[in-house]
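**Q** Sequence below, structure please.
(one chain, ligands or ions: 1)
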Amino acid sequence: MKMSSLCVKSANNKETTHPHQLPIYATSSFVFEEVEDSIDIFTGQRKGHVYSRYGNPTVDAVAEKISRLETFGSDIEAFGLMTSSGMSAISTVIASLFKKGDKLITQGNLYGGTTELIKKVFVKMGMEAAFIDLTDLNLLEKHLKEDDQIKMIYFETPSNPTLDCIDIKGVAQLAKKYNIKTIVDNTFCTPYLQQPLLLGVDYVIHSTTKYLSGHGNTIAGAIIGREEDKSLVWQHLKLMGTNCNPFDAWLVNNGLKTLSLRMDRHSKNAQELATYLQNHKMVSKVNYNGLSDHPFHKLAKKQMSQFGGMLSFEVKGGMKAALKCMNRLKFCTQAPTLGDVDTLILHPATSSHLNIPESMRIENGISDGLIRVSVGIEDIEDLKADFDQAFAEC
Ligand SMILES: *Cc1c(COP(=O)(O)O)cnc(C)c1O
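**A** You can find the predicted model right below:
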């Protein structure tokens, strides 16, 4: 072999032992030893990787771990697939189910990007969508009874940023009765706190960007469902090219190692902060499922093992006081994401809900004074001290 050829050839070390940690397979394709291998793998007679858009060992290992977490404690045979973002998980699973003329039913207070995806992409392609109050199961059944074009129910619980809960089991039972597929966005809870597949839902999606990775340094998503539904979703993933890259999957894998520790701490800190806020004279309202007077406390307790790290509260004094408070909070970081190890704050009225008409925003409980907190895992005393000094000046 000439030196220039040696430059081209892969540096393959076949003498190594098994790695302790998951390696990043930075390769677009995989080698067939013999042409028969390729036939067996392409026809599905043998497992093996072909091309990284179809599947990659790093990505698949992490996807499988997420699917095992989502079905932990049950005998459900599930698949897991990772996608390039939470949004691509949502678009891939909806696209796999959707046929022209189908109707999707969902809630008014979805993650903003999901509402836009439905209205600006799927409705443009011929989908009908109804945004209703899914906390009202009678209303849902009325829709299902009257309209046999409804083929999908898509929802998230607890919702953003007021933490309303939807009865997962109740919705899933109605959906079964009318032969409709259900999809739950489980980003806020993670499988450590809530397992929608065990409550009868067909698909769970995640923005793994948030709690599953937990460190704010990746954008990725996941789809988990029953094994028999895998091929349809996988077909859409590989044809739409919504696959996750190995580096981001690897970062999610690192985050997953501490998921249980983080979620325990997020929940504990959020409960303490919610109680502190509820007792503060500058605060008129606290939205946190863990508070016994929260309207969805009972339902949350039924379907979640802990109440999670997200809360929101209203500062007395409206917009002016809320903005002042935002700027005075120094230990907390102002950032438009959630689920990181550090505490993040957001003022929905001037950010995530800026383009929503004021009357509709207020009706959904997103007042001018509302601040959303993604409570981190820091020492709770530092957090309370930050709110103390911020409120002193508001
Ligand atoms: C962030 C988020 C998404 C979108 O996820 P990306 O990873 O940003 O694409 C979807 N649903 C919820 C609840 C989210 O918080």
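
**Q** In the stretch 101-250 of the chain, what residue comes closest to the ligand?
**A** Using C-beta to the nearest ligand atom, the closest approach of the stretch 101-250 of the chain to the ligand is made by residue 207 at 3.0 Å. Any C-beta I mention is one placed from the backbone N, CA and C, and that applies to glycine too.

**Q** list the contacts for that residue?
**A** By C-beta atoms under 8 Å, 6 or more residues apart in numbering, the contact list for residue 207 reads 85, 86, 87, 89, 111, 185, 187, 221.

**Q** OK, contacts around the fourth one?
**A** Contacts for residue 89 (C-beta under 8 Å, 6+ apart) come out as 83, 205, 206, 207, 221, 222, 223, 242.

**Q** a markdown table for those residues, including pLDDT and secondary structure?
**A** As requested, the contacts of residue 89 are exported to a markdown table (pLDDT from 0 to 100; DSSP: H, G, I helix; E, B strand; the rest coil):
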| residue | pLDDT | secondary structure |
| --- | --- | --- |
| 83 | 98 | strand |
| 205 | 98 | strand |
| 206 | 98 | strand |
| 207 | 98 | strand |
| 221 | 98 | strand |
| 222 | 98 | strand |
| 223 | 98 | strand |
| 242 | 98 | coil |
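
**Q** re the thing from before, if we ignore the residues flanking it in sequence, what's nearest the residue of the stretch 101-250 of the chain closest to the ligand?
**A** Once flanking residues are discounted, residue 207 sits nearest to residue 86: 2.6 Å by C-beta to C-beta, 6 or more residues apart in numbering.

**Q** Give me the neighbour count for the one you found.
**A** 23 (other C-beta atoms under 10 Å).

**Q** quick one: the helix or strand where residue 230 lies to chain centroid distance?
**A** Per DSSP states H and E: residue 230 is located in helix 230-240. Chain-centre distance of helix 230-240: 19 Å, with C-alpha atoms, centre = their mean, to the nearest Å.

**Q** Over to stretch 74-89?
**A** What separates the centre of stretch 74-89 from the centre of its chain is 11 Å, taken as C-alpha atoms, centre = their mean.

**Q** how about that stretch, does it reach the ligand?
**A** Yes: residues of stretch 74-89 contacting the ligand under C-beta under 6 Å from any ligand atom: 85, 86, 87.

**Q** Which members of those residues are positioned in strands?
**A** If you go by DSSP state E, those have nothing in strands.

**Q** For these, give me a markdown table that also has pLDDT.
**A** What follows is those, written out as a markdown table (pLDDT from 0 to 100):
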| residue | pLDDT |
| --- | --- |
| 85 | 98 |
| 86 | 98 |
| 87 | 98 |
